[in-house]
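Undergrad: what follows is a predicted structure for the sequence shown.
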Amino acid sequence: MVGVAHPHLELTELETITRREVDQYTGNSFTSKSYFIADDQQKLYAAISVPNFPRPWPTRIAVMAQVVGDKVIIIEDNTDKPLVDALMVNGGVPREQIILAYAGEPIPTQ
């Protein structure tokens with residue numbers, strides 16, 4: 001696991017849920033390995049997919065989400081198991097608190 005450690009930073013429940021659900025997108029396959037990346041200070045979580053050698057395609061973001069206030073903004077989702085579903089089903093996050101930025105849903109201004 002790769003991440004930015006902030007020992008004095010307490011995570012909210014929404015951040016903990018988002019972090020956990022994004023981390024579920026990591027692992028190995030026959031063609032690639034996925035890594036979890038976390039920046040708890042910016043509340044930004046991602047899973048990236050790195051293809052095995054020889055690399056038939058470039059490294060890509062599988063999923064990326066950021067917690068802003070009481071919302072989860074899903075910046076990128078290139079999976080067949082959408083993060084929005086995982087957040088709602090596994091994490092109990094209401095759909096009203098999830099913004100699909102990758103699908104063009106507007107991000108509220110702060």
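TA: Right, received. Where do you want to start? Numbers count the residues shown, from 1 in each chain.
Undergrad: so which bits of stretch 41-51 are buried?
TA: Across stretch 41-51, burial judged by 16 or more other CB atoms under 10 Å covers 43-49. Placement of C-beta: from N, CA and C, glycine included.
Undergrad: tell me what the helix or strand containing Ala38 is packed against?
TA: Using DSSP states H and E, Ala38 sits in strand 32-39. When contacts are defined as 3 or more CB pairs under 8 Å, 6 or more residues apart in numbering; DSSP states H and E, strand 32-39 packs onto strand 2-4, helix 13-23, strand 27-28, strand 44-51.
Undergrad: as CSV, the ones you listed with mean pLDDT and distance to Ser34 would be great.
TA: CSV is the format used below for these (pLDDT from 0 to 100; distance: least, CB to CB, whole Å):
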stretch, mean pLDDT, distance to Ser34
strand 2-4, 48, 12
helix 13-23, 97, 10
strand 27-28, 94, 6
strand 44-51, 97, 5
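Undergrad: of the ones you listed, which is nearest Tyr102?
TA: strand 44-51 (12.4 Å; CB to CB).
Undergrad: contacts for that closest one?
TA: 18-19, 22-23, 25-26, 31-39, 57-66, 76 (CB atoms under 8 Å, 6 or more residues apart in numbering).
Undergrad: right, so of the helices and strands packed on strand 32-39, which gets closest to Glu96?
TA: With distances scored as CB to CB, the stretch of these nearest to Glu96 is helix 13-23 (12.7 Å).
Undergrad: list the buried residues of the closest one.
TA: The neighbour-count check on helix 13-23 (16+ other CB under 10 Å) flags 14-15, 17-19, 21-23 as buried.
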